[in-house]
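# the following block contains a protein sequence and its predicted model.
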Amino acid sequence: MNNIIKSMVSGLAGACVLTLVHESVRRFVPDAPRMDVLGMRSISKLMRMADEEPPQDQEGLHTMALAGDVLSNSLYYSLAGTGINAWWRGAILGVAAGAGAVLLPGPLGLGEAPSNRTTQTQAMTVGYYLLGGLVAAAVGYAIASDED
């Protein structure tokens, strides 16, 4: 398996864990981040900018948002790569994504509440993205060949 495929596999692992944690915790913790809401708002906003009508079906829009999250986060976390340096890259990518998820939605017109409403929400947001980066790094490290 070449390094690009290994990196993509590790990125997918990180993205799946991130999405699984978001979707699980939000059902039980009132202040949990709602990245799914940001995803649905993003899709709706982009569709309106393209003169398209967003789906009225919230379940369908939610599914689209989760698929988009997994795809985009897989590509992002694949930057952690493989080998021993994947740990540092995964951690840095995770913290950067978490900080971006807290700081950027407001200025982008997506609202601040889903990721920024309380200190607990902010900490969980950064923590989840850090976890995703570390999972990507762990998988990248585990599947690295001796040639890396």
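Nice, thanks for sending it over. Here the structure is a predicted model, which means the values were calculated and not measured.
# now the helices for this structure?
Under the criterion DSSP state H, helices of the chain are mapped to 3-25, 35-49, 58-77, 86-103, 113-116, 119-143.
# the fifth one - contacts with which helices or strands?
Packed against helix 113-116 by the contact rule (3 or more CB pairs under 8 Å, 6 or more residues apart in numbering; DSSP states H and E) you find helix 35-49, helix 86-103, helix 119-143. Glycine gets a C-beta too; all of them are placed from N, C-alpha and C.
# show me how far it is from its chain's centre.
Helix 113-116 has its average C-alpha position 14 Å from the chain's average C-alpha position, going by CA atoms, centre = their mean, to the nearest Å.
# list of residues touching that helix?
Applying CB atoms under 8 Å, 6 or more residues apart in numbering, the set of residues contacting helix 113-116 from outside is 33-35, 37-38, 101-103, 105-106, 121-122, 125.
# and if we set it to 10 Å?
26, 32-41, 98, 100-106, 121-122, 124-126, 128-129 (CB atoms under 10 Å, 6 or more residues apart in numbering).
# keeping just the C-alphas, turn the worst-scoring helix or strand of the chain on mean pLDDT into PDB.
Every helix and strand of the chain was ranked by mean pLDDT, DSSP states H and E. The lowest is helix 113-116, at a mean of 92. What follows is helix 113-116, C-alpha atoms only, in PDB (Å, rounded to 0.1, in the frame of the first residue of the first chain):
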ATOM      1  CA  ALA A 113     -23.900  28.600  19.300                       C
ATOM      2  CA  PRO A 114     -23.200  25.200  17.800                       C
ATOM      3  CA  SER A 115     -19.500  25.200  18.700                       C
ATOM      4  CA  ASN A 116     -19.100  28.300  20.900                       C
END
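# buried residues in that helix, which are they?
Across helix 113-116, burial judged by 16 or more other CB atoms under 10 Å covers 114, 115, 116.
# and which of these is nearest to residue 90?
Nearest to residue 90 among the buried residues of helix 113-116 is residue 115, at 20.4 Å by CB to CB.
# how many neighbours does residue 23 have?
Applying other CB atoms under 10 Å, we find 15 residues neighbouring residue 23.
# how near is it to residue 33?
Computed as CB to CB, to the nearest Å, the residue 23 to residue 33 distance reads 11 Å.
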